[in-house]
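**Student:** sequence and predicted structure, then a few things I'm wondering about:
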Amino acid sequence: MSAFYRFALLSRVCNFKTETGLIHVGSMAVNPGRLSLTCRRCLSGSAVDGPARVKRVSIEGNIAVGKSTFARLLQSACPDWEVMAEPVSKWQNIESGTKKGKDDAPQTTVSNLLQMMYQDPKRWSYTFQTYSCMSRLRTQLQPPPARLLSSEGTPVQVYERSVYSDRYIFALNMFELDCINPTEWTVYQDWHSLLVEQFGHQVELEGIIYLRAPPEGTDLFSIRLTRQQAKSTSFHDALLAYRLHQLLIVYNLDRLKKCMERLVHRGRSEEEGVKLDYLEKLHVQHEKWLVEKSTELHFEKLKQIPVLQLDASVEFQSDPDVREQFITKVTNFFSAL
């Protein structure tokens, strides 16, 4: 947390008087040793020792994997958890300034950038990823609500996706699909790194919850034998491996199709043209970053961040036992951060 941000936060509730060594809260002078728990939380990270600041965690996962449903579950599960929704409405309603109509009266044009990106990704992907990242940045820079600052439990601010998935999932995917050209990709990475480094702790995450569509421990698309393995494998074993490979493909695609079903069910008009192949590519990006750890990252803390994996293919919305299991895992995860 920057010094300026801490000062702005503290100035709302406390006035300091260093000459006497007393801290003035409202009109009352208080000895620092007798501060209330609430005030000590406000002063966390300042001259008075106190509990750790509010923890920040993001929910990551594929399109229509169930993030919003899961976020609502978290919001209702604990008063110490505050969920910040993905700013989709901002992308759908961009006021493009004013222009004169036929009657010479100024008019405001409202653009749906999300729809524009899906309809013409080569033209609009860079523009969309720029705006989506900026809107995520604004969300992550918002100060925690007062009830979290005064919490006696484990206060956590939870974000639907983050500035990091914007870069390492969606923008990277568009670059690999040639919807963002090399020059645009270089520019995007440059300003993204600059902003994240400048804001520092204000946008850092303590943990990530990964809602994962396919089953644990299986490669989504293929199980390939190496040449050495193939030479030492009998025909029977090779045939068995091939059949297993086919079953896993069908099994995993069925799991990914749940994302497609949820996508269709929520009826977001911009996503009508989204294909299963696109979801598959996004899944691979998530796996590389959060499971295989093979994505090239540019922020040291992000390389070491704890990740909680949850199987999003189960119907946690309608199964109270699964919901309880999820909440227990999340509670333990938050406590360990």
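**Tutor:** Structure's in. What do you need? Residues are numbered from 1 along each chain as shown.

**Student:** any idea of the mean pLDDT for the one helix or strand Leu310 maps to?
**Tutor:** Assigned by DSSP states H and E, Leu310 belongs to strand 307-311. Model confidence over strand 307-311, given as mean pLDDT, is 96.

**Student:** tell me which residues in the helix or strand following that strand are buried?
**Tutor:** Per DSSP H and E, strand 307-311 leads on to helix 320-336 as the next helix or strand towards the C-terminus. Within helix 320-336, the residues that count as buried by 16 or more other CB atoms under 10 Å are Arg323, Phe326, Ile327, Val330, Thr331, Phe333, Phe334. The way it works is simple: take the backbone N, C-alpha and C, and place the C-beta from them, glycine included.

**Student:** that's a helix at Pro79, yeah?
**Tutor:** No. According to DSSP: H, G, I helix; E, B strand; the rest coil, Pro79 belongs to no helix; its state is coil.

**Student:** for it, give me phi and psi.
**Tutor:** Backbone geometry at Pro79, expressed as degrees, to the nearest 10, gives phi -70, psi -10.

**Student:** is it in contact with Leu148, as I believe?
**Tutor:** No. Taking contacts as CB atoms under 8 Å, Pro79 lies outside contact range of Leu148: 9.0 Å.

**Student:** if you count what's nearby, which of those two comes out ahead?
**Tutor:** For Pro79 versus Leu148, neighbours defined as other CB atoms under 10 Å are more numerous around Leu148 (21 against 12).

**Student:** SS state for the more buried one?
**Tutor:** Using three-state DSSP, the secondary structure recorded for Leu148 is helix.

**Student:** now do the contacts for it.
**Tutor:** If a contact means CB atoms under 8 Å, 6 or more residues apart in numbering, then Leu148 has Val54, Asp80, Glu82, Pro155, Val156, Gln157 as its contacts.

**Student:** does the fourth one touch Val57 like I think?
**Tutor:** No. Counting by CB under 8 Å, Pro155 sits too far from Val57 to count as a contact (11.1 Å).

**Student:** pretty sure Met84 contacts Gln157?
**Tutor:** Yes. When contacts are counted by CB under 8 Å, Met84 is listed as touching Gln157 (6.6 Å).

**Student:** higher neighbour count, those two?
**Tutor:** Each of Met84 and Gln157 had its neighbours counted (other CB under 10 Å), and the higher figure belongs to Gln157 (23 against 19).

**Student:** in the strand or helix carrying Gln189, what's buried?
**Tutor:** Counting by DSSP H and E, the element that carries Gln189 is helix 182-199. Taking 16+ other CB under 10 Å as the neighbour-count basis, helix 182-199 is seen to contain the buried residues Glu184, Trp185, Tyr188, His192, Val196, Phe199.

**Student:** what do you get for stretch 74-86?
**Tutor:** When burial is assessed from 16+ other CB under 10 Å, stretch 74-86 yields the following buried residues: Leu74, Cys78, Asp80, Trp81, Glu82, Val83, Met84, Glu86.

**Student:** distance of the fifth one from Cys179?
**Tutor:** Right, the one you point to is Glu82. Distance check for Glu82 against Cys179: by CB to CB, to the nearest Å, it reads 34 Å.
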